[in-house]
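Visitor: Sequence and predicted model, in that order:
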Amino acid sequence: MIPKLDTKILENMKYSRIRIDSNIGEDILSSMRNAKKFIYIVSPYISEEKINFLKGLNSNKKLDIKLLFADKSRFFDERKEVSKLASFFRYSKEQDIDRVKVELEQEKIIRLKKIKLFRLLFLIVFLGSGIGLYALYFLKKMTNINGGVLGVIAFLSFIQIFNFHRKTTSLDFELARKLRNFKENNIPNMELIDEVKMKFIRTNYCDKHIETPYPHLKIYLMDIPSISEKTGKTVVKAFVSSANFTTNGFGKNLEFFVETTDFEVTENLLTFFNEMYNNTVTSSAFKNTFVTHTTPFILEKLFKYGIIKHKD
């Protein structure tokens with residue numbers, strides 16, 4: 001179900017301020033830098049710069065960072081938009097391509113052994129037929145029949161020796177082609193990063209079966225040290241804003257936010273976020289519920305645009 005927020009709590013909201021400016025993002029980012037345990041964000045649009053900011057912020061901390069964002073019209077038709085999603089993934093330690101390389105190397109060893117064995121056998125036949133011809137000639141017992149048979153055998157053996165030599169030189173090209181085909185048709189093993197958890201909402205812009213409304217709200221939640229930092233206690237700060245979590249939204253556009261540490265308001269916003277984040281599903285068969293894009297679907301799009309590739 002889509003969560004509900006009790007707006008009556010806003011009537012007597014305390015410890016709050018409103019700001020309208022073209023650079024309101026720095027206030028929100030500053031509060032994020034002071035976060036002690038968590039940062040929760042709802043923003044329909046995001047930018048790679050801001051994702052990397054969160055990743056950098058959490059590189060030395062153990063923050064619970066959750067980001068909920070949405071697609072838009074023609075999102076998956078634009079490589080620039082899809083490329084943002086790569087920031088949420090990293091290469092897995094175990095890659096199928098490594099297994100394939102080992103298998104191809106083993107195949108090469110086996111096939112080279114067979115080629116060398118057959119080449120040796122035909123070399124023996126070639127040498128034997130040559131010696132036979134010489135013996136017949138030396139003993140003056142050569143006839144058109146036996147000489148012709150040994151000559152054909154020697155010739156065919158020489159052709160096979162040459163063919164197996166050619167197979168040896170073409171083997172590397174064949175195996176390289178197999179490896180290239182695997183790279184072109186198989187997605188590398190990827191996993192979601194730990195620094196920033198995300199839910200990517202699927203909307204009716206991309207799926208006509210989606211009935212839930214487009215999540216256009218922007219909420220930023222984090223816990224910051226209380227005024228008396230010596231106590232070690234934190235308070236929850238919330239920003240309800242018009243600004244998307246993007247470079248333009250935080251630094252160029254004329255935007256506004258309502259900032260508050262009012263306990264009743266922030267607790268309701270936390271509940272609202274958790275319900276919205278945790279109650280998502282991956283199938284549009286569920287009604288009145290936010291639907292998210294699946295990881296395999298996202299990786300397929302990243303691979304299609306060549307944004308993620310197999311490492312050499």
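Guide: Yes, it's here.
Visitor: So what pairs up with F256 in the strands?
Guide: As for beta bridges, F256 partners with I20 under DSSP bridges.
Visitor: what residues are up against it?
Guide: By Cβ atoms under 8 Å, 6 or more residues apart in numbering, the contact list for F256 reads 18-21, 24, 241-243. Where C-beta positions appear, they are placed from N, C-alpha and C, glycine not excepted.
Visitor: do you know how far it is from I24?
Guide: Distance of F256 to I24, given as Cβ to Cβ, to the nearest Å: 7 Å.
Visitor: What of H209?
Guide: 36 Å.
Visitor: All the strands of the stretch 1-150 of the chain, in order from the start?
Guide: 16-21, 38-42, 64-70, 89-91 (DSSP state E, counting those that start in this stretch).
Visitor: related to what we said a few turns ago, now a PyMOL select for only the buried ones of the contacts of F256.
Guide: What follows is the PyMOL syntax selecting those of the contacts of F256 that are buried according to 16 or more other Cβ atoms under 10 Å:
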select buried, resi 24+241+242+243
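Visitor: Switch the contacts of F256 over to TSV; also include distance to F273.
Guide: Shown next, in TSV, are the contacts of F256 (distance: Cβ to Cβ, whole Å):
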residue	distance to F273
I18	21
R19	21
I20	24
D21	25
I24	20
S241	14
S242	18
A243	17
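Visitor: which of the contacts of F256 lies closest to Q160?
Guide: Checking the contacts of F256 against Q160 with Cβ to Cβ, the nearest one is A243 at 75.1 Å.
Visitor: and the closest one, that's in a strand?
Guide: No: using DSSP: H, G, I helix; E, B strand; the rest coil, the assignment for A243 is coil, not a strand.
Visitor: pretty sure it contacts L254?
Guide: No: between A243 and L254 there is no contact under Cβ atoms under 8 Å: 9.6 Å.
Visitor: give the contact list for K116.
Guide: Not one residue lies near K116 by Cβ under 8 Å, 6+ apart.
Visitor: For F122, see how far away it is.
Guide: Distance, K116 to F122, by Cβ to Cβ: 11 Å.
Visitor: for G130, same thing?
Guide: According to Cβ to Cβ, G130 stands 12 Å off from F122.
Visitor: F297 now?
Guide: Taking Cβ to Cβ, one finds F297 at 54 Å from F122.
Visitor: Show me which of these two is the more surrounded one.
Guide: Neighbour count, other Cβ atoms under 10 Å: between F297 and F122, F122 has more, with 19 against 14.
Visitor: how about low-confidence regions in the stretch 201-312 of the chain?
Guide: Low-confidence segments of the stretch 201-312 of the chain (pLDDT under 70): 228-232, 281-288.
Visitor: At which residues are the strands of it located?
Guide: Per DSSP E, counting those that start in this stretch, the stretch 201-312 of the chain carries strands over the ranges 218-225, 234-241, 255-260, 291-292.
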